[in-house]
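build the 3D model from these lines:
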Amino acid sequence: MNKISPSRTEQTQSPLAAHYQKTVLSNGLRIVTEEVPYVRSISIGVWINVGSRDESNENNGISHFIEHMVFKGTKNYNLQDIARSLESVGGYLNAFTSKEHTCFYARALDTHLTKAMSVIADLVRYPLFDEKEIEKEKSVVLEELKNMEDNPDELIHDYVDQHVYYKHPLASPVIGTANNISHFTNRNLIEYKRKHYLPENMVVAASGNVRHESVVELVRKYFGEKTSTTRSHRRNRGPQKHRAQTQVVEKPIMQAHVCMGTIGCSVKSHLRYPMLVMNTLLGEGMSSRLFQSLRERHGLGYTVYSFTNTMSDTGNFGVYTATDAKNVDRSIELITKEFEKLKATLVSSAELKRTKSQLKGMMMLSLESMSSRMMRLGGSELYYGNHITLDEIVRKIDAVSAGDISETANKFLQIENFSTVIFKPTASQHTNGNA
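Here you go, the predicted model:
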């Protein structure tokens, strides 16, 4: 009988975070749970610390393609079994791939925890990658790519990323390219999965009416504690600056789309919380400065918002708006004006208090969703190696001062550091739209 090294377990209790526990198996696989006893549902996810930033130009899109392919059949479940496994009992099964992570997750009644774990474990550990299914799924993903091309408000963010993360893997789209997708093989998928789907790269996160011991027992049953002989992949450092550019792309659309982006901060930066507050103040919701300026005072468009994305060692910040082609320059001018105001003048105590309340309220409301709790739990473990409680987040938001906002604005809102992408209606579309 093989001797298994004892795992490590940590426990914390917080009124806002329910009952949190963590266990690390001897092979490095981490299990984090948050027991919420007053609900009847569970959300469980298996997170793998791999995404599009871990790809090369030649295999860009393979993380996302593997996410698709595992649903096409595994050692113990065929395609129909996977589709019906949780839907037949009112739950659901899904997955996503981002620039840094891949996650397979399920939502179900608490009585179906074992079934959820069984199916997700098979997706992660035993996908078949059947050649015929690979060829069929290529067509599906290529259609997904075409769908993105037909949604300029989403596509434009990929264009901006190409400039913000210039010549770095983060510049590449998560979905990949049509050429790469068309050439993926069974061997490519197996080799990439073998390299990245390692126990030390995985986190199992569960929220809802779950007992930690039950989840640990199921993980041991379906994942085991065997240590991998493959060495974990080491990521390249994220870009800290980029070459600002302006790109104008003509498209057969009726409205111009504008997106401006620059390098932001990482999840571990001391400016992360000032950045969150600044982003909320500047472009989150109807009360934000950008919304009030561009839409309410000047009537230049229906949609305008700012955004910030934080990753392990870098991030981005930007603004998006959609407007008539003749209003593009005016819109950019007004956005820039809001940047300058935020850099030059300290935020009033009343506006700062209101913005913090908005941000904290949105975070607290998200805790009513077990899926949101599970996402926060898994992401926190991958980024920090521990659980960041809502109490702690609230304290850090409350600690943000007007001076912190000014520092953040002066560091990140330098217009000369922004890349701007404009999707402009073709001349015929613009003429027809104004006929």
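
C-alpha only now, for contacts and for neighbours.
Fine.

average pLDDT for the helix or strand where V141 lies?
Here V141 sits within helix 131-149, counting by DSSP states H and E. With pLDDT averaged residue by residue, helix 131-149 scores 97.

contacting residues for the residue nearest to the spatial centre of the chain?
With distances taken as Cα atoms, centre = their mean, S98 lies nearest the centre of the chain, 5.3 Å away. In this structure, S98 makes contact with G51, S52, V174, judged by Cα atoms under 8 Å, 6 or more residues apart in numbering.

of these - the most surrounded one?
Within these, S52 tops the neighbour count with 26 neighbours, counted by other Cα atoms under 10 Å.

now it: how far from H101?
Using Cα to Cα, to the nearest Å, S52 is found at 8 Å from H101.

please enumerate the strands of this structure.
Taking DSSP state E, the strands of the chain run over residues 8-14, 18-24, 30-35, 41-48, 92-97, 102-109, 202-208, 246-251, 256-263, 304-310, 315-323, 419-425.

for these, which has the smallest mean pLDDT value?
Taking the mean pLDDT of the strands of the chain, strand 8-14 comes last: a mean of 45.

if we can go back for a sec, out of the strands of the chain, nearest to L359?
strand 304-310 (13.3 Å; Cα to Cα).

number of residues surrounding N60?
For N60, the neighbour count with other Cα under 10 Å is 24.

in contact with it, which residues?
Counting by Cα under 8 Å, 6+ apart, N60 has contacts S52, S172, P173, V174, I175, G176, T177, N180.

rerun that using 7 Å as the cut-off
For N60, the contacting residues are S52, G176, T177, N180, by Cα atoms under 7 Å, 6 or more residues apart in numbering.

list the contacts of the nearest residue to the second one once chain neighbours are set aside.
Right, G176. In space, and not counting its chain neighbours, G176 is closest to G61: 3.6 Å by Cα to Cα, 6 or more residues apart in numbering. For G61, the contact set (Cα under 7 Å, 6+ apart) comprises S52, V174, I175, G176, T177, I181.

roughly how far apart are G61 and L365?
G61 is 34 Å from L365, where distance means Cα to Cα.

and if you look at P173?
For P173 relative to L365 (Cα to Cα), the value is 31 Å.

who has more neighbours out of the two?
Higher neighbour count among P173 and L365: P173, with 20 against 10, using other Cα under 10 Å.

any idea how far the residue lying closest to that one once chain neighbours are set aside is from H233?
In space, P173 comes closest to D158 once its chain neighbours are excluded; the distance is 6.0 Å by Cα to Cα, 6+ apart. To H233, D158 is 25 Å away according to Cα to Cα.

what do you get for A325?
Distance from A325 to H233, by Cα to Cα: 46 Å.

and for P252?
For P252, the distance to H233 equals 42 Å [Cα to Cα].

how many neighbours does the nearest residue to H157 once chain neighbours are set aside have?
Once flanking residues are discounted, H157 sits nearest to C259: 7.0 Å by Cα to Cα, 6+ apart. Using other Cα under 10 Å, C259 has 24 other residues around it.

now do the same contact list for C259.
C259 sits next to I156, H157, V160, V319, Y320, T321, T420, V421, I422 when contact means Cα under 7 Å, 6+ apart.

let's see 10 Å
153, 156-157, 159-160, 304-306, 318-322, 332, 418-423 (Cα atoms under 10 Å, 6 or more residues apart in numbering).

please apply the same query to S118.
By Cα under 10 Å, 6+ apart, the contact set of S118 is N76, Y77, S85, L218, V219, K221, Y222, F223.

from these, which is closest to R297?
Out of the contacts of S118, the member with the shortest distance to R297 (by Cα to Cα) is S85, at 51.8 Å.

thought V328 was touching V248?
No. Using Cα atoms under 10 Å, V328 is not in contact with V248; the gap is 11.2 Å.

when these two are compared, which one has more neighbours?
More crowded of V328 and V248, by other Cα under 10 Å: V328, with 18 against 11.

any idea how far that one is from T420?
Distance of V328 to T420, computed by Cα to Cα: 11 Å.

ok, now D54?
Separation of D54 from T420 (Cα to Cα): 26 Å.

what's the domain layout of the protein?
If you go by automatic domain parsing, the domain ranges for the chain are 8-223, 246-433.

and T229, which of the ones you listed is closest to it?
T229 lies closest, by Cα to Cα, to one member of those: domain 8-223, at 9.2 Å.

chain center to the closest one: distance?
The chain centroid and the centroid of domain 8-223 are separated by 12 Å under Cα atoms, centre = their mean, to the nearest Å.

which residues touch E368?
For E368, the contact set (Cα under 10 Å, 6+ apart) comprises V39.

and the helices in the stretch 301-435 of the chain, which stretches?
Here the stretch 301-435 of the chain has its helices, by DSSP state H, counting those that start in this stretch, at 328-344, 349-366, 370-384, 390-398, 402-412, 427-433.

tell me the mean pLDDT over the fourth one?
Spelled out, that is helix 390-398. Average pLDDT, helix 390-398: 94.
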